[in-house]
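Student: Okay, here's the prediction I keep looking at, along with the sequence it came from:
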Amino acid sequence: MNKDRKTNLISFLIILFGFILTTGLVAFRVIDEYTAQILTIGGINVIIALGLNLISGFTGQLALGHAGFMAVGAYTTAALIMKLNVPIFPAILAGGLVSAVFGLLIGLPALRLHGDYLAIVTLGFGEIIRVIMVNLSDITGGPAGLKGIPPFTTNFFWRPVLSFALVYIFLVLVIIILNNLINSSPGRAIISIREDEIAANAMGINVFYFKIFAFTLSAFIAGLGGGIYAPFFGYLNPNMFNFQKSVEFLIIVVLGGMGNITGTVLAGFGLTYLQEILRFLKDYRLVIYPLILVLMMLFQPAGLMGFFGNKGFSLTRFVREFNPKKIFRMKNPGKAGEK
Amino acid sequence: MLKVKNLNVYYGNIHALHNISFEVNEGEIVTLIGANGAGKTTTLHSISRLIPIESGEVEFLGHTLQTLWPHNIVELGLIQVPEGRRIFSNLTVKENLEMGAFIRKDREQIKKDYEMIFTRFPRLKERLRQMAGTLSGGEQQMLAIARALMSKPKLLLLDEPSMGLAPLLVKEIFSIIQEINKAGTTVLLVEQNAHLALSVADRAYVLETGRIVTQGSAKALASSEDVRKAYLGG
Amino acid sequence: MGVIQQILQQTLNGLALGGIYALLALGYTMVYGIVKLINFAHGDILMLGAFAGYFVLNYFGVTPGTLVLSFIISMPVCAIIGILIEKICYKPLRDSPRINALITAIGVSLFLENGARVLPVIGPNPRVFPTLPSVTHNLFGLGISRVQILVFIITIGLMIILNYIVNYTKIGRAMRAVSFDQGASSLMGINVDRVISFTFALGSALAAAAGILFASSYPQVEPYMGIMPGLKAFIAAVMGGIGSIPGAMLGGFILGVAETLTKGFISSQLADAFAFGFLIIILVVKPTGILGKPVGEKV
């Protein structure tokens, strides 16, 4: 069996095992409903943070408005379900698509220039979209919020199981898409932009095109996250999607390591859980978060996963190399990393 | 005056300078010649502390330069005219000269030095209020040298002063360099144009892929068979 | 009041507001010019400056004298804070990828905002900023308040001083030299770190003054008050051509007038959205700004 197929098989087994284990644990209430809810929120956070990682971590362009894209996805999905009775799956996809359109519209002017402009334009977008949500009260319920978004199921027993399973499936899909993208030739083009934009340009890579592509896909993923969030949470309010929220996604990406998918997943779940534990800190949390950002950038810019070596940590690789036979046969395990 | 001992410099994993040692004595014009990429500019940059050195020592007038900041080195009387001139195009010619005198506090003397500069570079006087970016290549090189002179250096490092200039201008620049030397400034000259460099220098060192391969008086090197073949076109 | 008079009145109000944006935009543009970093924390310096002024005026009471004192205290305080931020947070990242410095800047910004929020002496709730009793004078049939007159005097005065520093002093020339070529500047004996510190100090002092003026105009202070003016000042800096000092002044006034006209005649809720619309339009039509020079990225 060649290495790629083996890698794929291991990944698939991890995914399947994780799915059965976690949904099973939720179904049998080994994981209680409260924890399941945190896991679900964590999964949504991870999805959006992965989207952010694509543009900021892999492409190297700072985006600060992912709460805005999440809002677009959430309100679109909610409106489609409530006003037009669209089924949940297409409604979530539509949320992602509408968000992607916004991403394209913002990216076209902002990404023509230096990366810094994207930061400020997305920051502005994140704030403006909130103002618009407040004023579009026909669709969004205005500042009071939008109540009564129908959930995935009204069955009391199945609701947490289904919510979690759905998030899990979307999360896996996003990871697969990103992983394949990054290891493809467009993915390498994207990473080369991060490493050296001028050199990438000189090598004939259409930097603008790939930036737009990455940013639009990033907005799409964030929109998906918002789309799942709407029926899961059942209530939307423009102030949920403030700048603070965008920064939370950024912290996940930074903690996990920019350009590290496994890192984002672990940091996303970890931070979501930590948030629940740290509730007693109240407003002091708001000081700790930015402190984390600054300290990470100053002392550990590769993220917490960076402690596992400069290549970053990968669960698949970890499992593959854990196979004693494999280690035994391989003379140079250091080369077993990413293709 | 300037003593470089066993200098080693790395760019990442690339060993750019291998155990380079040389000396510049007061009043001399010393030249480092060598092909593109031999390590000439790297040597100058490590003397001026623009890049870190791995090991070795650079001593100037009894001061160890590794422990100093780039701006301290200028205060000691060592200034560099960098490759590609690097004048401040967004400043006027006058302001560029003032930046050269940045570390000096003796206003009266500075005023006199302007006059000295203007007699040596009359064309700069005509263009005093002009933005430096609008000058021609030759004028920019003159401005770069004049700017460095405004710091009243004891040792002037010149990196490729002939680069991109017409032959006639190159001649002019080199005669100016000789004049400056006669007026009491020691010169360390880095040049690709070995013929020209050897014609004005007292002593020379030949750099090849980060090592000093030959040294001696400029006259001797200019007539040496190996140097002629490698650098003087036969 | 006729329409034309209303337009003139709003323009006057806009110029006063724009003066504040201009002061803030100057800091963005100078810092960007010298270290090529969008200093997201710059708007929060405005907040800190406003609070410094608030404490001075609260302690001594409001008289014209203490008002001057509030500037004299607040500006150096913020200058020092600006220097500290640069030394601790930005300087170690000067050779890192640009995005790392930007993320740090965001972190610093949030730290200042939320830090002020949890600080007992400041707290999350808005406080009334002490002002002199408001008096409105008549200027050719238009109303001009005492605060607006103060804004005009201070902003124009500070701009003249800044212009003098940048164009006619040694440190000002060094600022321009360093913003053009740091390496060549240090070869000339310029202490680049000190010039960068000075630039942050200058920008932060201007932001502090803008903070007192902004707080006097509304009149209140709260931890998040710097966000919107910060963003708008950045837009003003981009509009004028980032890195260009006259551009930042011009951009500030234009944005101020555009905002009051939008508020007065279109929609007050959407005025902020229009500001960003402005930014997008500039980026599409003339990304180098009105007074900016077309500069390619340095290779």
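Tutor: Structure received.
Student: give me every residue that touches B:Ala204.
Tutor: B:30-33, B:197-198, B:215-218, B:221 (CB atoms under 8 Å, 6 or more residues apart in numbering or on different chains). Any C-beta I mention is one placed from the backbone N, CA and C, and that applies to glycine too.
Student: On the strand side of things, show who it bridges to.
Tutor: B:Ala204 forms beta bridges with B:Thr31, B:Gly216, as assigned by DSSP bridges.
Student: any idea whether the residue positioned nearest the centre of chain B is helix, strand or coil?
Tutor: Centroid-nearest residue in chain B: B:Leu158, 1.5 Å away (criterion: CA atoms, centre = their mean). Secondary structure, DSSP: H, G, I helix; E, B strand; the rest coil: B:Leu158 is strand.
Student: residues contacting it?
Tutor: If you count contacts by CB under 8 Å, 6+ apart, B:Leu158 has them with B:80-81, B:145, B:177, B:187-190.
Student: ok, 7 Å please
Tutor: B:Leu158 makes contact with B:81, B:177, B:187, B:189-190, according to CB atoms under 7 Å, 6 or more residues apart in numbering or on different chains.
Student: Mark which of those are part of helices, please.
Tutor: Members of these lying in helices (criterion: DSSP state H): B:Ile177.
Student: anything in the longest helix seen in chain A near chain C?
Tutor: Assignment by DSSP H gives helix A:207-233 as the longest helix of chain A. No: using CB under 7 Å from any CB of the partner chain, helix A:207-233 stays clear of chain C, coming no nearer than 11.0 Å.
Student: low-confidence ranges in chain A?
Tutor: By pLDDT under 70, the low-scoring segments of chain A are A:1-3, A:115, A:308-339.
Student: tell me which parts of it are close to chain C?
Tutor: A:56, A:60, A:62, A:64, A:109-110, A:112-113, A:115-117, A:119-121, A:124, A:128, A:131-132, A:135, A:198, A:247, A:250, A:254, A:283-284, A:286-287, A:289-291, A:293-294, A:297-298, A:301.
Student: for the lowest-mean-pLDDT helix or strand in chain C, packing partners?
Tutor: Ranking every helix and strand in chain C by mean pLDDT, DSSP states H and E puts helix C:271-285 at the bottom, with a mean of 80. On a contact count with 3 or more CB pairs under 7 Å, 6 or more residues apart in numbering or on different chains; DSSP states H and E, helix C:271-285 meets helix A:88-110, helix A:115-135, helix C:227-240, helix C:245-265.
Student: So what's the residue count around A:Ala199?
Tutor: 12 (other CB atoms under 10 Å in any protein chain shown).
Student: mind listing what's buried in the strand or helix carrying it?
Tutor: Element membership for A:Ala199 (DSSP states H and E) is helix A:197-202. Within helix A:197-202, the residues scored as buried using 16 or more other CB atoms under 10 Å in any protein chain shown are A:197, A:200.
Student: where does B:Arg129 land in three-state SS?
Tutor: Recorded secondary structure, B:Arg129: coil (three-state DSSP).
Student: For it, which non-adjacent residue is spatially closest?
Tutor: Take B:Arg129 and drop its neighbours on the chain: the residue closest to it by CB to CB, 6 or more residues apart in numbering or on different chains is B:Thr92, 5.6 Å away.
Student: And A:Leu113, by the same measure?
Tutor: Here the residue nearest A:Leu113, using CB to CB, 6+ apart, is C:Pro287, at 5.2 Å.
Student: again, but for A:Ala200
Tutor: Distances taken as CB to CB, 6+ apart place A:Ser192 nearest to A:Ala200, at 4.3 Å, with adjacent residues excluded.
Student: wait, isn't C:Cys89 in contact with A:Val294?
Tutor: Yes: under the criterion of CB atoms under 7 Å, C:Cys89 makes contact with A:Val294 at 5.9 Å.
Student: Checking whichever residue of chain B sits closest to chain C next. Helix, strand or coil?
Tutor: In chain B, no residue comes nearer to chain C than B:Val74, which is 3.0 Å away by CB to the nearest CB. Counting by three-state DSSP, the backbone at B:Val74 sits in helix.
Student: mind listing the strands in the chain by residue range?
Tutor: Chain wasn't specified; assuming chain A. Ranges of strands in chain A, per DSSP state E: none exist.
Student: try chain C instead
Tutor: Under DSSP E, chain C gives strands at C:127-128, C:136-139, C:142-145, C:220-221.
Student: Least confident of the ones you listed, on average?
Tutor: Lowest mean pLDDT within those: strand C:136-139, a mean of 84.
Student: how far out from the middle of the chain is that one?
Tutor: Distance, stretch centre to chain centre, for strand C:136-139: 27 Å (CA atoms, centre = their mean, to the nearest Å).
Student: CA-only coordinates of it in PDB, if you can.
Tutor: In PDB, the C-alpha atoms belonging to strand C:136-139 read as follows (Å, rounded to 0.1, in the frame of the first residue of the first chain):
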ATOM      1  CA  THR C 136     -22.500  79.400  20.700                       C
ATOM      2  CA  HIS C 137     -21.100  82.400  18.800                       C
ATOM      3  CA  ASN C 138     -22.400  83.700  15.600                       C
ATOM      4  CA  LEU C 139     -20.100  83.600  12.700                       C
END
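Student: partners of that strand in the sheet?
Tutor: strand C:142-145 (antiparallel).
Student: The strand it pairs with: which residues count as buried?
Tutor: Neighbour counts over strand C:142-145 (16+ other CB under 10 Å) mark C:142, C:144-145 as buried.
Student: what's the answer for stretch A:154-168, then?
Tutor: Neighbour count says stretch A:154-168 has A:159-168 buried, by 16+ other CB under 10 Å.
Student: Grab the nearest non-local neighbour of B:Val58.
Tutor: Spatially, and ignoring its direct neighbours in sequence, B:Val58 is nearest to B:Leu65 (4.3 Å; CB to CB, 6+ apart).
Student: swap in A:Ser246?
Tutor: Leaving aside its sequence neighbours, A:Ser246 sits nearest to A:Ala67 (CB to CB, 6+ apart; 4.1 Å).
Student: mind checking the SS state of B:Val213?
Tutor: Per three-state DSSP, B:Val213 ends up strand.
Student: you'd agree it is up against B:Val206?
Tutor: Yes: the pair B:Val213 and B:Val206 qualifies as a contact (CB under 7 Å) at a distance of 5.3 Å.
Student: And these two? Which one has more around it.
Tutor: The residue with more neighbours, out of B:Val213 and B:Val206, is B:Val206; 23 against 14, by other CB under 10 Å.
Student: so which strand or helix has the more buried one?
Tutor: For B:Val206, the host element (DSSP H and E) is strand B:203-208.
Student: Tell me what angle that strand forms with strand B:211-217.
Tutor: On the basis of axes from the mean of the first three to the mean of the last three CA atoms, to 10 degrees, strand B:203-208 is oriented at 160 degrees to strand B:211-217.
Student: check contacts around residue 22.
Tutor: Just so you know, I chose chain A. Residues in contact with A:Thr22, defined by CB under 7 Å, 6+ apart, are A:164, A:168.
Student: Chain C, not that one
Tutor: Contacts of C:Ala22 (CB under 7 Å, 6+ apart): C:155, C:236, C:248-249, C:252-253.
Student: Pull the number of nearby residues for the residue lying closest to it once chain neighbours are set aside.
Tutor: Ranked by CB to CB, 6+ apart and with sequence neighbours excluded, the top spatial neighbour of C:Ala22 is C:Gly252, at 2.6 Å. A total of 32 residues lie near C:Gly252 under the criterion other CB under 10 Å.
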